Every structure is written in C-alpha cells, then in structure tokens.
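> test case, fold it:
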Amino acid sequence: MGSVSFLLIVVVLTALAFDFTNGFHDTANSMATSVATGALRPRLAVAVAGVLNLVGAFVSTAVAKTISGGIVNDAKVSLVMIFAGLVGAILWNLMTWLAGLPSSSSHALFGGLIGAVWVGAGGSAVKFGAIVEKILIPAVLSPIVAGIVAVLATYFAYLITRRTTPDRAQRGFRRGQIGSASLVALAHGTNDAQKTMGVITLALISAGVLAHDSGPPWWVVLTSGLAIALGTYTGGWRIIRTMGRGLTDIEAPQGFAAETSATAVILASSHMGFPLSTTQVCTGSILGAGLGRRLAEVRWGTAGRIALSWLLTLPAAAAVGGAAAWIAGHGTAGVALVAVAAAASAAGFWALSRRRPVTPDNVNELPAPLPQPAGETAA
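This is a model prediction of the structure:
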C-alpha cells in the first residue's frame, strides 16, 4: 500500500509538471497577437493570461470527465501507465517549445496516455471509437472552423471601420484586444486545465481512492488551475514569437478578430466536452485573420512546419509513452530509470534554449529563419 501511495504522489506531481509545461507552451494561444500588435506589454500579457487561466479552471469539468474515462478504460489503467504517458507528453512539449512550434499540448497528452495504456494493458483498454469522435475529428475541424470564422470577422472588422482613420481604428482595436485576449485566456483555462484534472482523477481512480466515473475533487481543480497559471506566467516566449510574428503580419483588427473567433470555438467545445487543441484553434484563427486582410502576407512555409508538428504529435508522444511504459513496467527500478531519463532530457532542452534565448525584450523580432523565404506567396 505504501508503494502505491508513493507512486500516486509521483504521478500527481508529474501531472502537475505537465500542466506547468502546458501553461508556458500555450501562453501564445491567448497573448501572441496582443503582444505582436502592442495592445499589451509582454510581461503584463502573461500575467493577465495566468490569472484568467486559473479562473477558467473553475468554469467547467466536462472535459476532465472525458479524459478520466472517455478515451481509455479506467478499470485497466495503472499508475505506472499514467506516469509513462505523462512523461511522453512532457518531453514532446519541451522539444516543440525549443523549436518554437505551437504543437498541441492536448494531443501530446492524449498520445502519451494512449501509447502507455496500449503497451501496458493492450489495445482493448483504448477506446478507439471515442478517440476518433472526441479527438481526431475535432482536431481536423476546429482549426478550419476557427480559420473561416476569423476570415469573416477580419473582413467585417475592416469593412465596418473603412471610413475611420487608420490610426483611430488601430487604437480602438488595440483596446478591444485587451478584452478579446482575456477571453481566450479564460477559455484556455476552461479547456486545458481540465485535461490535467482528468489525468489526476484517472490516477485516483486507478489507485482506488475514487470510484469509477468520478469527477475531479476540488483540490484537483485548484492545483491544476494553479499549475497551468504559473506555467503561463513564465511566458513561453519562443512560441509567442512564432505565432505573433512568424505566421503573418498582424494588425490590431486582425488580432481582435482572431482572438474573438478562437474564444467562440474553444468555449463551445468545452461546453460539449470536446478536449480539442486550443493551439490548433488559435493557429487556425491567426491564419484566417491573415487571409482576411487584403495584401497581408501569410508565410506558408512556417504554417507547413506547424502542420507537420501537428501530424507527428499524437504518434510521437504515443511512442515515447509506450516505451516509457515498457521500461517502467519492470518495477521500481524501471520507474526510477524513466524519471531520471525524463529529468535529464528536460535539463538538456532547457540548456539548449539558452543558446538563443527569446525574452520579453526580443519576442517581437521576426524569427531569423522566417523572413520571406523563397518560394512563399502572400495572400
């Protein structure tokens, strides 16, 4: 019993570590366009996003219930499998953060869990039908829907203000961005913090602390909200630069349209219990905002690299989660080996990031490899 209790504590702490990486990995979702247009100063932007991520964690638990019992059979899941799945998700998050790629933290988590459970308990423990319905279909549709909404919103934003002087319109939309970016941060907390709640709840069910099909206890909601808020406050500046400056040239009306479109899609999905990727929604809305403004440049090479990372996220995290589950399944020594390897990898990613640091002071500089690559077209 004592070893189970210790492993449960390890799993909960690892889940909160993933939640922290989710926070700084996804800060760009809510604040990249506001930082790029100057609507909010970088440090103030991440502070606002952190607070609203925490508030959003208390809005709903529908997504948490989907994860704790919706994609895997919680009766067949062990603490070792959950630990291994979280390791897969954390390492993928750190690798894509280092590369400045806004990949999906949500899909990294799903992939890690699926791979670990598949290796540890067999394919029968994975609910493939639910994965298609709740994860894969929304993953395809959500960025397309967000992009279309953002195209229309951007078009009408410029149409409505066509008789207004450009400077006055820009000032007005920058003020509006404070509200729209705040709504995205609130929606992000509502959707993404719940994913860690679901994982911790699944761990508590696996350890026999909670009954099957239980929802997250209050302390799980609170700690998950705090972890993602703290992660958000650290900035994630590398991905903020890519989303704010690397995809398209963003003006304040576009930023307002992108943020409003993303909020609508994320909140609607949270209400229905779809644990979609807020990263994909926000990236789709930023691309839509770029397409919605006449003569705006869209850097399709950057968009292609991001799309490739989306395709790789689920299988890559699943592969790492499965390998970690196989090693950790050999007992305490296996769990310790996985933990040490994960910690060493995380330290290595951090050390590599120090070679070319991105900070609040240089976040709005265009990424060096991206300025107008040959062969790219403007839209």
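> wait, doesn't Ala193 sit right on Asp19?
Yes - Ala193 lies in contact with Asp19 (CB atoms under 8 Å); the separation is 7.0 Å. Yep, even glycine has a C-beta here, placed from its N, CA and C like the rest.
> overlap in contacts, those two.
Common neighbours of Ala193 and Asp19 are listed as 224, 228 (criterion: CB atoms under 8 Å, 6 or more residues apart in numbering).
> now the spatially most central residue of the chain, nearest residue through space, not along the chain?
Closest residue to the average C-alpha location of the chain: Ser105 at 4.0 Å, with CA atoms, centre = their mean. Setting aside the residues directly before and after it, Ser105 is nearest to Asn22 in space (CB to CB, 6 or more residues apart in numbering), at 4.3 Å.
> next, the buried residues of the helix or strand containing the one you found.
According to DSSP states H and E, Asn22 maps onto helix 2-37. Of all the residues in helix 2-37, those buried under the rule 16 or more other CB atoms under 10 Å are 7-8, 10-12, 14-37.
> now stretch 128-139
For stretch 128-139, by 16+ other CB under 10 Å, it's 131, 134-135, 138-139.
> which of the residues you listed lies closest to Glu259?
Closest approach to Glu259 among those (CB to CB): Pro138, at 19.8 Å.
> my guess is the closest one contacts Ser269, does it?
Yes - using CB under 8 Å, Pro138 is in contact with Ser269, at 6.5 Å.
> burial measure for Ile160, as a count.
11 (other CB atoms under 10 Å).
> any idea how far it lies from Gly172?
11 Å (CB to CB, to the nearest Å).
> just the element for Val209, please.
Using DSSP H and E, Val209 falls outside every helix and strand.
> what about the residue nearest to Ser105, distance to Val221?
Shown here: Asn22 relative to Val221, a distance of 15 Å by CB to CB.
> do the same with Val358
32 Å.
> which intervals of the stretch 51-200 of the chain have sub-threshold pLDDT?
Applying pLDDT under 70 to the stretch 51-200 of the chain flags residues 60-70.
> can you tell me which helix in the protein is longest?
helix 166-206 (DSSP state H).
> packing partners for that one?
Packing partners of helix 166-206 (3 or more CB pairs under 8 Å, 6 or more residues apart in numbering; DSSP states H and E): helix 2-37, helix 42-56, helix 62-69, helix 79-98, helix 105-121, helix 218-234, helix 252-272, helix 278-292.
> make CSV from these and add distance to Gly176 to it.
Output for the helices and strands packed on helix 166-206, formatted as CSV (distance: least, CB to CB, whole Å):
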stretch, distance to Gly176
helix 2-37, 10
helix 42-56, 15
helix 62-69, 28
helix 79-98, 29
helix 105-121, 27
helix 218-234, 22
helix 252-272, 5
helix 278-292, 14
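> one step back: residues in contact with the residue nearest to the centre of the chain?
Counted by CB under 8 Å, 6+ apart, Ser105 has contacts 18, 21-22, 25-26, 89, 93, 192, 195, 277, 279.
> what is the nearest of the residues you listed to Trp237?
His25 (11.4 Å).
> so that closest one sits right up against Leu98, yeah?
No - His25 is not in contact with Leu98 according to CB under 8 Å; the separation is 10.6 Å.
> follow-up on the earlier one: closest one to Leu337 out of the buried residues of stretch 128-139, please.
Lowest distance from Leu337 to those (CB to CB) belongs to Ile131, with 29.0 Å.
> contact partners for the closest one?
By CB under 8 Å, 6+ apart, the neighbours of Ile131 are 71, 110, 114.
> any figure for the gap between it and Val59?
Distance from Ile131 to Val59, by CB to CB: 25 Å.
> ok, Val363 next?
For Val363, the distance to Val59 - CB to CB - is 29 Å.
> those two: who's more crowded?
Val363 (22 against 17).
> so that one is in which element?
Residue-wise, Val363 maps onto no helix or strand under DSSP H and E.
> show me what contacts it?
35, 42, 237, 240-241, 244 are the contacts of Val363 under CB under 8 Å, 6+ apart.
> can you lay out the residues you listed as a markdown table showing pLDDT?
Shown next, in a markdown table, are the contacts of Val363 (pLDDT from 0 to 100):
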| residue | pLDDT |
| --- | --- |
| Val35 | 90 |
| Pro42 | 90 |
| Trp237 | 90 |
| Ile240 | 90 |
| Arg241 | 90 |
| Gly244 | 85 |
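> now, which of these sits nearest Phe349?
Trp237 (14.7 Å).
> so the closest one touches Thr359, yeah?
Yes - assessed by CB under 8 Å, Trp237 is found in contact with Thr359 at 5.9 Å.
> now Gly189: how far from Leu311?
Applying CB to CB to Gly189 and Leu311 gives a distance of 27 Å.
> list the contacts of Trp350.
Contacts of Trp350 (CB under 8 Å, 6+ apart): Leu94.
> and for the one 3 residues further on?
The neighbourhood of Ser353, defined by CB under 8 Å, 6+ apart, consists of 97-98, 238.
> mind running it again at 6 Å?
The contact partners of Ser353, taken as CB atoms under 6 Å, 6 or more residues apart in numbering, are Leu98.
> let me know the pLDDT of it.
Looking at Ser353, its pLDDT reads 92.
> now it. Its backbone dihedrals?
Per-residue torsions, Ser353: phi -70, psi -20 (degrees, to the nearest 10).
> just confirm Val151 contacts Gly288, I think it does.
Yes - with contact defined as CB atoms under 6 Å, Val151 counts as touching Gly288 (4.4 Å).
> distance of Leu337 from Ser269?
Counting by CB to CB, the gap from Leu337 to Ser269 is 38 Å.
> these two: which has the busier surroundings?
Ser269 (24 against 14).
> so that one versus Ser285, what's the distance?
Ser269 is 13 Å from Ser285, by CB to CB.
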